[in-house]
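In: sequence first, predicted coordinates after that:
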Amino acid sequence: MHFLSEVGTDWLSQWSEAEMARRGLEAHLVRHRGPMPLALVRLGEGGNATYSFHRPFQAPYRPAPGGLRGAKAFHFGSLFALEGRTADGVLALLEEAEGEGTLRSYDPNLRHPPTGEERERIQTYLNRVDLLKLSLEDARLLFPEGPLEGVRRLPPPLKVLTLGEEGALAFLGEREVRLPAERVAVADTVGAGDSFTAGLLALLLRKGYTRASLPTLAPEDLEASLRGATALAALACTVRGAYLPEEGLRAWRAHFLGD
């Protein structure tokens, strides 16, 4: 698995690189002078998180070519993809993914109502991806007058909307599939959305779906993939922080991926 991003020069940057290597990630990192960007989390009622972001990098993000060679899926998103200084780099990766025939997945993961410039950037991404994952909060920020209908009309072939404790809703062409969430004791919700997307992509790839075949996704395969994704998101909610519990992750992989 490859991870493409940025890193600073402080001790936290060094720790992050070492942790990525320990977990088997092949990191393709643009290095900037200065400290690592930070996301500080404060937990509210029910383990829901509010964030404070600190993003010191000013230089453009220019990834080296070749990081997506042979990749089956390319996932990107969050505030990183909305910055003006990173936009050309993200588009270069999308073009590389397109040339590789890679399935392209996007999660806007919005933290504020998008500006006009950000909306244009989001629309550019939506016109070029195959899978859109977004939360109900994202949908409300993008389409305050009608979140569900707004998402339904978007161009990606597969749109998946996470609904927190209400589960998930997927739109594939004219079809609509909805699954309930798993009930767990919530420690916090940090990392639940990313875990959902990771599980969804892993299951779609394991079932043999590609960028070309995704529009023909069978309803039973979509439902099974959503079920596995919601289970992984629920697992993320059982512990503090973004890491998944190792024993639970092994059990999830055995049950849903057959590992």
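Out: Nice, I can see it. Residues are numbered from 1 along each chain as shown.

In: low-confidence regions, the stretch 1-150 of the chain specifically.
Out: Along the stretch 1-150 of the chain, the parts satisfying pLDDT under 70 run over 46-47.

In: excluding residues flanking it in the chain, which one is nearest Ser52?
Out: Of all residues not flanking Ser52 in the chain, Leu40 sits nearest, at 4.4 Å (Cβ to Cβ, 6 or more residues apart in numbering). From N, CA and C alone the C-beta is placed, and that goes for glycine too.

In: need the contact list for that neighbour.
Out: Tyr51, Ser52, Phe53, His54 (Cβ atoms under 8 Å, 6 or more residues apart in numbering).

In: what's near enough to touch the second one?
Out: Contacts for Ser52 (Cβ under 8 Å, 6+ apart) come out as Ala39, Leu40, Arg42.

In: which non-adjacent residue is nearest the last one?
Out: This means Arg42. Using Cβ to Cβ, 6+ apart and skipping residues adjacent in sequence, the residue nearest Arg42 is Thr50, 5.2 Å away.

In: and that neighbour, that's in a strand?
Out: Yes: under DSSP: H, G, I helix; E, B strand; the rest coil, Thr50 sits within a strand.

In: name the helices or strands packed onto the helix or strand hosting Leu12?
Out: Per DSSP states H and E: Leu12 is located in helix 11-22. Using 3 or more Cβ pairs under 8 Å, 6 or more residues apart in numbering; DSSP states H and E, the elements in contact with helix 11-22 are strand 2-7, strand 26-31.

In: quick one: distance of that helix to the chain centre.
Out: Distance of helix 11-22 from its chain centroid, counting by Cα atoms, centre = their mean, to the nearest Å, is 21 Å.

In: make 49 the starting number, not 1.
Out: With the count now opening at 49, the last piece we talked about shows up as helix 59-70.

In: quick one: contacts of that helix?
Out: For helix 59-70, the external contacting residues (Cβ under 8 Å, 6+ apart) are Phe51, Val55, Ala75, Leu77, Pro83, Met84, Leu86.

In: got the CA positions of that helix in CSV?
Out: Taking C-alpha atoms only, helix 59-70 is exported to CSV below (Å, rounded to 0.1, in the frame of the first residue of the first chain):
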residue,chain,number,x,y,z
TRP,A,59,10.5,15.1,15.6
LEU,A,60,6.8,14.4,14.9
SER,A,61,7.6,14.1,11.2
GLN,A,62,10.3,11.6,11.9
TRP,A,63,8.0,9.6,14.2
SER,A,64,5.3,9.6,11.6
GLU,A,65,7.6,8.3,8.9
ALA,A,66,8.9,5.6,11.3
GLU,A,67,5.3,4.6,12.2
MET,A,68,4.3,4.4,8.5
ALA,A,69,7.3,2.1,7.8
ARG,A,70,6.4,-0.1,10.8
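
In: now do the strands in the stretch 199-307 of the chain.
Out: Remark: strands assigned in the stretch 199-307 of the chain by DSSP state E, counting those that start in this stretch are 206-210, 216-220, 223-227.

In: buried deepest among these, which one?
Out: Among these, ranked by average contacts under mean count of other Cβ atoms under 10 Å, first place goes to strand 206-210 (a mean of 23).

In: quick one: that strand to strand 223-227, angle?
Out: Relative orientation of strand 206-210 and strand 223-227, computed by axes from the mean of the first three to the mean of the last three Cα atoms, to 10 degrees: 30 degrees.

In: which helices and strands does strand 206-210 pack with?
Out: strand 179-183, helix 184-190, helix 195-200, strand 216-220, helix 240-254, helix 267-284.

In: same thing but 7 Å
Out: In terms of contacts (3 or more Cβ pairs under 7 Å, 6 or more residues apart in numbering; DSSP states H and E), strand 206-210 is packed against strand 179-183, helix 184-190, strand 216-220, helix 240-254.
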